[in-house]
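Peer 1: kindly return the folded structure for what I paste below:
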Amino acid sequence: MTTLDGATVEVVRSYLLSAAEEMRATLIRTSFNPVIYEVHDFGMSMYDADLRLIAEATGLTFFLGANDFSLRKGVEYVGRENLHRGDVVLLNYPYWNAAHSYDATLFAPVFQPDPADESADG
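Peer 2: Predicted coordinates for the structure are as follows:
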């Protein structure tokens, strides 16, 4: 196991938070719904392979940490073994997300490329 120094940890932490904020900015910029682009009524989170929160963009306080349950239930329902590169899952079961039938959870897995696969884009 590699031990990381404080500077490296801070660079990685800042990068992850920046990536979450970029996803937030893209959603706001491309949205046609004023509830999204004016009220910011959404949550934007990033999780590791064990479904632990690693970064979250600013938004409504209600959504801070609220995506955890929805993501866990979505992965449980689909099955981790059924998630592949390029998949996007959309669920709007109100008992698994924000309890409103119009609310939805959208998630996509990200896979680390296999170094042995020469066709991987890295």
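
Peer 1: drop to CA atoms for contacts and neighbour counts, all remaining ones
Peer 2: Fine.

Peer 1: and stretch 29-48, how far from the chain's centre?
Peer 2: With C-alpha atoms, centre = their mean, to the nearest Å as the basis, stretch 29-48 stands 12 Å off its chain's centre.

Peer 1: make residue 1 into 627 and carry on from there
Peer 2: Sounds good: first residue 627 from here, last item stretch 655-674.

Peer 1: need the distance between the two termini of that stretch.
Peer 2: 26 Å (C-alpha to C-alpha, to the nearest Å).

Peer 1: swap in stretch 731-742?
Peer 2: End residues of stretch 731-742 are separated by 34 Å (C-alpha to C-alpha).

Peer 1: pLDDT (mean, whole number) over that stretch?
Peer 2: On average, the pLDDT along stretch 731-742 is 82.

Peer 1: roughly how far apart are residue 651 and residue 685?
Peer 2: Counting by C-alpha to C-alpha - residue 651 and residue 685 are separated by 11 Å.

Peer 1: could you pull out the strands for the protein?
Peer 2: Ranges of strands in the chain, per DSSP state E, are 671-673, 679-682, 715-717, 731-733.

Peer 1: could these go into a markdown table alongside mean neighbour count and distance to residue 699?
Peer 2: Formatted as a markdown table, the strands of the chain follow (neighbours: other C-alpha atoms under 10 Å; distance: least, C-alpha to C-alpha, whole Å):
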| stretch | mean neighbour count | distance to residue 699 |
| --- | --- | --- |
| strand 671-673 | 20 | 14 |
| strand 679-682 | 18 | 15 |
| strand 715-717 | 14 | 10 |
| strand 731-733 | 17 | 11 |
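
Peer 1: can you give me the neighbour number for residue 663?
Peer 2: When neighbours are counted by other C-alpha atoms under 10 Å, residue 663 registers 17.

Peer 1: list the contacts of it.
Peer 2: 653, 654, 655, 657 (C-alpha atoms under 8 Å, 6 or more residues apart in numbering).
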